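J.: 3D model of this:
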Amino acid sequence: MTRSLVIALILAFGVQNPEPRTPNQERRTKNLEPGTRNPEPVLRVGFARPGGGYVTETMPLEAYVARVVAGEALRNSQPAALEALAITVRTFALANRGRHRADNFDLCDQTHCQVVRAATAATERAAQATAGRLLLRDGAPASIFYTASCGGRTEIPSAVWPGAEDPPFLPSHEDEACRGVPEWSAELRDADLVRALRAAGFRGERLRDARVVARSGSGRVAWIRLDGLRPDEISGQDLRVAVGRTLGWQHIKSTAFDVRRAGDRFRFTGHGSGHGVGLCVIGSARLAERGQTPEAILAHYFPGLPISGVSGLSGISGVRHLPDPVISLTLPDEDEGERTAIERRALGARDEIAKVLGVAPPPTITLRFHPTVDDYARATTQPWFTSGAIVDGELHLPPLAELRDRGVLDRAMRHELVHLMTDGLLATRPLWVREGAALYFSNRDAAPPAAVRAPCPGDNELRRPVSAGALTSAYARARACFARQIEQGRDWRNVR
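T.: Below is the predicted model of the structure:
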């Protein structure tokens, strides 16, 4: 195992400073001439094992659609609702095919992708009745979402996943068919809520109060003030995720809620279930009960998106081919809405850094955001206060929300990308040279080195720091030593 040391996330100190691992995978259906038939695509689905890891099963697309509709639909839904969901599920599958490329399969069987269960006769009929039909954007499967219940109003993507695109076919609009459903309430002991927040990276022993300070345009909780913890604010979505991971997802079912303190507990009351973006499963079921067609249901939730025509039960036509991704990105379920934005930022940073360094950009980058700080620390063996590591050529980063909330998301990605492009050429140099290069090229706007020269850090200071403060000092000196030689006109490859 090889890994880079990483830039620290230490707020108090304010530090501002390949080859693909899996075979190429076919990403989309081939572009066909009108009227021709395409062999039915197959998907490699990873089924989670109780002890960890996945078992991969290959299945035809329509068999997969029938099994996902069985896992995601409301029980006893009308055929029109099942068919609308089948088209949505098929579109989602092809738009996200290869999401688990780094794991050597396409999609998993959990909520991170789509829930897979045993198909029923009704879900098989829905899959076959809509076989080959997709929601398209610019000739390719559209990037869409669906939710268990919007609670009466759908949400825009960026209100759930900061940085996500808000296309016109994913608006926030009233959904009378799902108004106020389901209602829910939960009581959490303050000690349990603190435990969940501390597991998410917050600091403090006692939460004196929690109150909503901002809501999105749909009325969902945007921000909550946490009296007694640091940081002292958290988004509604991040609170839901923090509680779900530690205490269970049955407590805070959506971000459409109110919260108040009641003695030693916090009482949450709300409605809806899930993120609220895109097709509402409960709402679509009720629309079908009122006689709406699958096409009308999809037009209600995805306005303006065309539906591809049918090319027989075994073919998909009119869909253009999309190339394999340069960025192989792994995200937790709650961050999936930011996939496109993160891929775009990582690709832009890769190209910019390669140009500055004068090297060829790596053809493929594997980037993994971990769901928790503890998960990141276990995978990388790095301390909690670091913000990235390279393990076996893969870039590992702490939770996306943590990096974003601390304002270091772009810098953390850039830091590891510099390591990816320079460590091989600097492998024989002292560790301060490699860290100095990453610190310097990931933040060219940082202050110049101090006039008084401090000694360059030794390898042990960077590999095994005695404290967060000691690591901060070592990073600052590594960057200063590297920057001085660059400013004297030395090429970065010759710093030593």
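J.: mind listing what the spatially closest residue to A454 that is not a sequence neighbour touches?
T.: Closest residue to A454 apart from its sequence neighbours, by CB to CB, 6 or more residues apart in numbering: R477 at 4.9 Å. In this view, the C-beta of every residue, glycine as well, is placed from N, C-alpha and C. Residues in contact with R477, defined by CB atoms under 8 Å, 6 or more residues apart in numbering, are 432, 454-457.
J.: Go ahead and confirm W432 touches C456.
T.: Yes - at 4.8 Å, W432 counts as touching C456 under the criterion of CB atoms under 8 Å.
J.: what do those two both touch?
T.: When CB under 8 Å, 6+ apart defines a contact, the residues bordering W432 and C456 alike are 477-478, 481.
J.: Looking at those residues, which is nearest E83?
T.: Within the shared contacts of W432 and C456, proximity to E83 (CB to CB) peaks at A478, which comes in at 59.7 Å.
J.: hang on, that closest one in a helix?
T.: Yes - when classified by DSSP: H, G, I helix; E, B strand; the rest coil, A478 is found to be part of a helix.
J.: Now for it: which residues touch it?
T.: With CB under 8 Å, 6+ apart as the criterion, the residues that contact A478 are 431-433, 435-436, 439, 456-457, 462.
J.: Now tabulate those in JSON lines and tack on neighbour count, pLDDT and secondary structure.
T.: What follows is the contacts of A478, written out as JSON lines (neighbours: other CB atoms under 10 Å; pLDDT from 0 to 100; DSSP: H, G, I helix; E, B strand; the rest coil):
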{"residue": "L431", "neighbour count": "20", "pLDDT": "94", "secondary structure": "helix"}
{"residue": "W432", "neighbour count": "26", "pLDDT": "95", "secondary structure": "helix"}
{"residue": "V433", "neighbour count": "20", "pLDDT": "96", "secondary structure": "helix"}
{"residue": "E435", "neighbour count": "29", "pLDDT": "94", "secondary structure": "helix"}
{"residue": "G436", "neighbour count": "29", "pLDDT": "94", "secondary structure": "helix"}
{"residue": "L439", "neighbour count": "25", "pLDDT": "94", "secondary structure": "helix"}
{"residue": "C456", "neighbour count": "18", "pLDDT": "93", "secondary structure": "coil"}
{"residue": "P457", "neighbour count": "24", "pLDDT": "92", "secondary structure": "coil"}
{"residue": "L462", "neighbour count": "21", "pLDDT": "87", "secondary structure": "helix"}
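J.: Closest one of these to E295?
T.: When these are compared for distance to E295, the smallest value, 55.1 Å, is given by L439; criterion: CB to CB.
J.: Tell me which residues of stretch 69-86 come out buried.
T.: Buried residues in stretch 69-86, defined by neighbour count with 16 or more other CB atoms under 10 Å: 69-74, 77-78, 80-86.
J.: Give the other helices and strands that the worst-scoring helix or strand of the chain on mean pLDDT contacts.
T.: Ranked by mean pLDDT, DSSP states H and E, the helix or strand of the chain with the weakest confidence is helix 400-405, at a mean of 81. With contacts defined as 3 or more CB pairs under 8 Å, 6 or more residues apart in numbering; DSSP states H and E, helix 400-405 has these neighbours: helix 236-247, helix 409-422.
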